[in-house]
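Q: The following comprises the amino acid sequence and a computationally predicted model.
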Amino acid sequence: MACPVSIICRALRNVGLVLFYYVFSIGITFYNKWLMKGFHFPLFMTLVHLTIIFCLSALTRCAMQCWTRKPRVTLGWKEYLYKVAPTALATALDIGLSNWSFLFITISLYTMTKSSAVLFILFFSLVFKLEEPNPFLILVVLLIASGLFMFTLKSTQFNLEGFIMVLLASFIGGIRWTLTQVLMQKAELGLQNPIDTMYHLQPLMFLGLFPLFVLNEGLGLSTTEKLFRMSELQPLLYSLLTLSVGGTLAFGLGFSEFLLVSRTSSLTLSIAGIFKEVCTLLLAVGFMGDKMSMVNWLGFVVCLSGISLHVGLKTYYSKGTGPSLRPLPGRDNPDMELPLLTSREDACEPGHSDKAAQLQVLQ
């Protein structure tokens, strides 16, 4: 039986990991919204972020290789193009449209609409047979859909164009996370570690988003004084610095999710995601001036109820004889280990090797 001191230490560690995740998840939402007020090139911003994530992923892989003294996985061209490309394209469109929507809508509307991604994840999980049909899923869908409708009803800051962008991003996000799960579950690819997945996805994501960037922002970006037609060096350096900060936050978000789910569980990440939505909405109303009526708040509560029910159902069925979702390789897989966070105490914990890390991102 673990002593009280070790229990307290694990609890403090888990709280720290959740707060670490909140810093990047909430931070990048508000940062991108702030940046879009003066820099109206969201697709270019996304391309810069992808480049930074790729570089940081490569450095992390090198550090992990030096620590474990084992070579990291590198896919061949055939597997890379045929098996990774669909996931990369869906991810690029999801992130690109999400960032693009910040030009039109408030953070509160973005947060609520993005929560509808759970609906599409459910749909595509059923299509790809990752999730078993369940009558309670109908209730989950009704709660989330009705909550989203109530939130947008008579909203004074509603923008149809931005709303459609986020809704489309949520739809593509359902495809994205379903394909990501399938990709990471293919043991022959060796992409169980999300750092390796991020490393392999970024180049194809960049190529997939680049044509859309050229069509929509190429001419405007080439004539803006903030970059290519700058008359002074200071505005250029400022633009590059702000874009780099966003890219670092984007990498930190993916890495903090990995830390949280690998050291705790997917349930912790799911519950943390629910409270993150509440924190984001409260901060948007308090600091960004977003306006919400009583009906909007009620819709938010109804939507969160649907998401909470979904999390509860997944927890219940995962403990039964037939799990509703196929788990990813867990802590018994050495490739999922985080050497810098692994201690002797963890290795001696009862049942430590039985913990399964399952990817469930509620964004």
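A: Arrived safely, thanks for sending.

Q: my read is F158 is in a strand, agree?
A: No. Counting by DSSP: H, G, I helix; E, B strand; the rest coil, F158 is located in no strand; its state is coil.

Q: Check the gap between N159 and G38 for me.
A: According to Cβ to Cβ, to the nearest Å, N159 stands 19 Å off from G38. C-beta coordinates here come from the backbone N, C-alpha and C atoms, glycine included.

Q: out of those two, which sits in the busier spot?
A: N159 (16 against 10; other Cβ atoms under 10 Å).

Q: can you pull the contacts of that one?
A: 104-105, 109 (Cβ atoms under 8 Å, 6 or more residues apart in numbering).

Q: any idea how far G190 is from Y21?
A: 26 Å.

Q: quick one: which of those two has more around it?
A: Remark: of Y21 and G190, Y21 carries more neighbours, 24 against 15, as counted by other Cβ under 10 Å.

Q: in what helix or strand does the closest residue in space to the more buried one that isn't next to it in sequence lie?
A: Nearest non-adjacent residue to Y21, counting by Cβ to Cβ, 6 or more residues apart in numbering: S256, 4.3 Å away. Using DSSP states H and E, S256 falls within helix 233-263.

Q: What of V140?
A: helix 136-152.

Q: Could you list every helix and strand in contact with the next helix or strand after that helix?
A: Next helix or strand after helix 136-152 toward the C-terminus (DSSP H and E): helix 160-185. Applying 3 or more Cβ pairs under 8 Å, 6 or more residues apart in numbering; DSSP states H and E, we find helix 160-185 packed against helix 85-101, helix 107-115, helix 117-127, helix 194-223.

Q: buried set for the third one?
A: Okay, so that is helix 117-127. Neighbour counts using 16 or more other Cβ atoms under 10 Å place 117-125 of helix 117-127 among the buried residues.

Q: Distance to V278 and pLDDT for those residues - can I get that in JSON lines?
A: Output for those, formatted as JSON lines (distance: Cβ to Cβ, whole Å; pLDDT from 0 to 100):
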{"residue": "A117", "distance to V278": "17", "pLDDT": "74"}
{"residue": "V118", "distance to V278": "16", "pLDDT": "73"}
{"residue": "L119", "distance to V278": "19", "pLDDT": "75"}
{"residue": "F120", "distance to V278": "22", "pLDDT": "78"}
{"residue": "I121", "distance to V278": "20", "pLDDT": "73"}
{"residue": "L122", "distance to V278": "22", "pLDDT": "75"}
{"residue": "F123", "distance to V278": "25", "pLDDT": "77"}
{"residue": "F124", "distance to V278": "26", "pLDDT": "75"}
{"residue": "S125", "distance to V278": "25", "pLDDT": "72"}
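
Q: Mind putting these into a markdown table with distance to G252?
A: Listed next are these as a markdown table, based on distance: Cβ to Cβ, whole Å:
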| residue | distance to G252 |
| --- | --- |
| A117 | 21 |
| V118 | 24 |
| L119 | 28 |
| F120 | 26 |
| I121 | 23 |
| L122 | 28 |
| F123 | 30 |
| F124 | 27 |
| S125 | 27 |
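
Q: Poorly predicted segments of the protein, please.
A: Counting by pLDDT under 70, the chain shows low-confidence ranges at 1-3, 130-131, 153-157, 184-185, 187, 225-230, 261-262, 264-271, 318-363.

Q: mind checking the longest helix of it?
A: helix 4-36 (DSSP state H).

Q: what angle do it and helix 107-115 make?
A: 110 degrees (axes from the mean of the first three to the mean of the last three Cα atoms, to 10 degrees).

Q: which other helices and strands contact helix 4-36?
A: Counting contacts by 3+ Cβ pairs under 8 Å, 6+ apart, helix 4-36 is packed against helix 42-68, helix 107-115, helix 233-263, helix 266-287.

Q: Nearest to T91 among these would be which one?
A: Evaluated with Cβ to Cβ, these place helix 42-68 nearest to T91, the distance being 9.5 Å.

Q: What residues of that closest one count as buried?
A: Buried-residue list, helix 42-68, by 16+ other Cβ under 10 Å: 42-54, 56-57, 60-61, 64.

Q: could you dump the helices and strands packed on helix 160-185 to TSV with distance to L281?
A: Shown next, in TSV, are the helices and strands packed on helix 160-185 (distance: least, Cβ to Cβ, whole Å):
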stretch	distance to L281
helix 85-101	16
helix 107-115	5
helix 117-127	16
helix 194-223	27
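
Q: For the closest residue to G27 other than its chain neighbours, give me its contacts.
A: Of all residues not flanking G27 in the chain, L249 sits nearest, at 5.6 Å (Cβ to Cβ, 6+ apart). For L249, the contacting residues are 24, 27-28, 31, by Cβ under 8 Å, 6+ apart.
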